[in-house]
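Participant: A structural model of the following input is requested.
(one chain, ligands or ions: 1)
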Amino acid sequence: MKTPVYMDYHATTPVDPSVVHAMIPFFGEKFGNAASRQHHFGWVAEEAVDSSRSLIARALNAEAKEIVFTSGATESNNLAIKGAAEGYAYKGKHIITCATEHKSVLDVCKNLAKRGYEITILSTDEYGVLNPEEFSRAIKEATILVSIMIANNEVGTIQNVTEIGRICKDRSIVFHTDATQAVGKIPIDVQAMNIDLLSLSGHKFYGPKGIGALFIRSKNPSVKLVQQIDGGGHERGLRSGTLNVPAIVGLAKALETCVDSMEVETTRIRKLRDRLQETLLKHIDDVYLNGHPTQRLPNNLNMSFLYVEDNALMLGMKDVAVSSGSACSAAEPMPSHVLKALHIGKERESSAIRFGLGRWTTEEEVDYVAGRVIETVKRLRGLSHPARYAKTDARVDEQ
Ligand SMILES: *Cc1c(COP(=O)(O)O)cnc(C)c1O
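Facilitator: Next comes the predicted model:
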């Protein structure tokens, strides 16, 4: 086993070798511009884009013409939310979202609030689950758009988007979902789930960085967005700019691979995740699971180790790559807005670690990480809270 061990698959993933292989010809011999309609080089590139688009559409139960390529989920979220806000402003200016959304949704809404839109930010229960009744009550005459993610990137909680989508459909409100963490990991069907707009990003499912897509429903209803980038009229005018053909080919290949291996991979990864969770719960006191115990991504484990600062824990085990709940860019660490929204208390907020498992996680790595967490938590607690933990963990202190 090699160290450091990567267990931060929610942040990004390595590109699958089969994806790299599929992309390579499009940097060299097949370098054409997909918009060059008059010659062979352009046709080859366009053909690759077309078949990639069809492949992605099929994986979502959508149609090829409903897929627009972007630079990633941040751009897809911007296009979906700003595009719908502007496109439907004639009907109303009220938008509903949730406190646990990604910043690329919340900050877009914040921006729209400055431009005269009214934003309702719904709260969740302690597991990060939205209450559909509370959601229904938030809907007004002027509501034009709802943006609720499928799966949360920090705590892995999966929302009941089918129900939320159904309510939106009944009220003729456009429903956008940030599916960045869900795509490739859980089955997605934009028809069955009543989704009008869906954002995804390649680098979260073993594709390259800097490529993503937005699904835009074309019938029942046909969703009309206002483009956010003007230029050559690519992507039916919704996203101008020369297409990144190698990345598009890689995006499609990555998604195809995920869909083909989803059942096997989910079972394997969930088992490893559960093993990690159980080992940590068994060997450490005062540990809490963050997020929903069962309605959760199979690769996600977010836990708080009380009385241990998240960033101190990470510094104490530099051979393990995980993620902390708080951003340490400021002098004072800022607790994550997601954990804050769960109202789990300051102690749990400041001691939360996110483990993200993935395609190359092994049982050996899980056991190694568990061991490192156990020994580091005990050592740090022995230093900071000797009275509370001294008796049980004295052995560890002496190392
Ligand atoms: C990573 C992530 C994003 C941003 O995706 P980029 O492609 O990196 O811009 C948005 N939403 C969620 C839920 C994510 O996990």
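Participant: What distance separates the opening and closing residues of stretch 170-179?
Facilitator: Terminal residues of stretch 170-179 are spaced 22 Å apart (CA to CA, to the nearest Å).
Participant: That one: which residues count as buried?
Facilitator: 173-179 (16 or more other CB atoms under 10 Å). Glycine gets a C-beta too; all of them are placed from N, C-alpha and C.
Participant: interface residues of the stretch 1-150 of the chain facing the ligand?
Facilitator: 72-74, 102, 104, 149 (CB under 6 Å from any ligand atom).
Participant: Could you rerun that using 5 Å?
Facilitator: By CB under 5 Å from any ligand atom, the residues of the stretch 1-150 of the chain that approach the ligand are 72-74, 102, 104.
Participant: Next step: those residues restricted to helices.
Facilitator: Judged by DSSP state H, the subset of those located in helices is 73-74, 104.
Participant: would TSV of these with neighbour count and pLDDT be doable?
Facilitator: Shown next, in TSV, are those (neighbours: other CB atoms under 10 Å; pLDDT from 0 to 100):
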residue	neighbour count	pLDDT
A73	27	98
T74	20	98
S104	19	97
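Participant: can you give me the helices in the stretch 101-250 of the chain?
Facilitator: Here the stretch 101-250 of the chain has its helices, by DSSP state H, counting those that start in this stretch, at 103-114, 132-138, 161-170, 245-283.
Participant: By mean pLDDT, show me the worst of the ones you listed.
Facilitator: When mean pLDDT is averaged over each of these, helix 132-138 scores lowest at a mean of 94.
Participant: Give me the contacts around that one.
Facilitator: 96, 120, 122-123, 146, 148, 160, 163-164, 167 (CB atoms under 8 Å, 6 or more residues apart in numbering).
Participant: Just the buried residues of these.
Facilitator: 96, 120, 122, 146, 148, 160, 164, 167.
Participant: Figure out how far stretch 192-208 is from the centre of its chain.
Facilitator: Centre-to-centre, stretch 192-208 and its host chain are 9 Å apart (CA atoms, centre = their mean, to the nearest Å).
Participant: Next, the buried residues of it.
Facilitator: 193-208.
Participant: again with stretch 380-390
Facilitator: So for stretch 380-390, counting by 16+ other CB under 10 Å, buried means 380-382, 389.
Participant: Look at the residue of the chain found nearest the ligand and report its pLDDT.
Facilitator: Here the residue of the chain nearest the ligand is G72; by CB to the nearest ligand atom that distance is 2.6 Å. Per-residue pLDDT puts G72 at 98.
Participant: pretty sure it is in contact with P208, am I right?
Facilitator: No: between G72 and P208 there is no contact under CB atoms under 8 Å: 9.9 Å.
Participant: Quick check: neighbours shared by these two?
Facilitator: With the criterion set as CB under 8 Å, 6+ apart, the overlap between the contacts of G72 and P208 is G202.
Participant: need the contact list for the residue positioned nearest the centre of the chain.
Facilitator: Taking CA atoms, centre = their mean as the criterion, Q181 is the residue nearest the geometric centre of the chain, at 3.0 Å. Listed by CB under 8 Å, 6+ apart, the contact partners of Q181 are 10, 149-153, 156, 204, 297.
Participant: if we take these, which one ends up nearest to K114?
Facilitator: M149 (22.8 Å; CB to CB).
Participant: Please look at the closest one and N160 and confirm they touch.
Facilitator: No: counting by CB under 8 Å, N160 is not a contact partner of M149; they are 11.8 Å apart.
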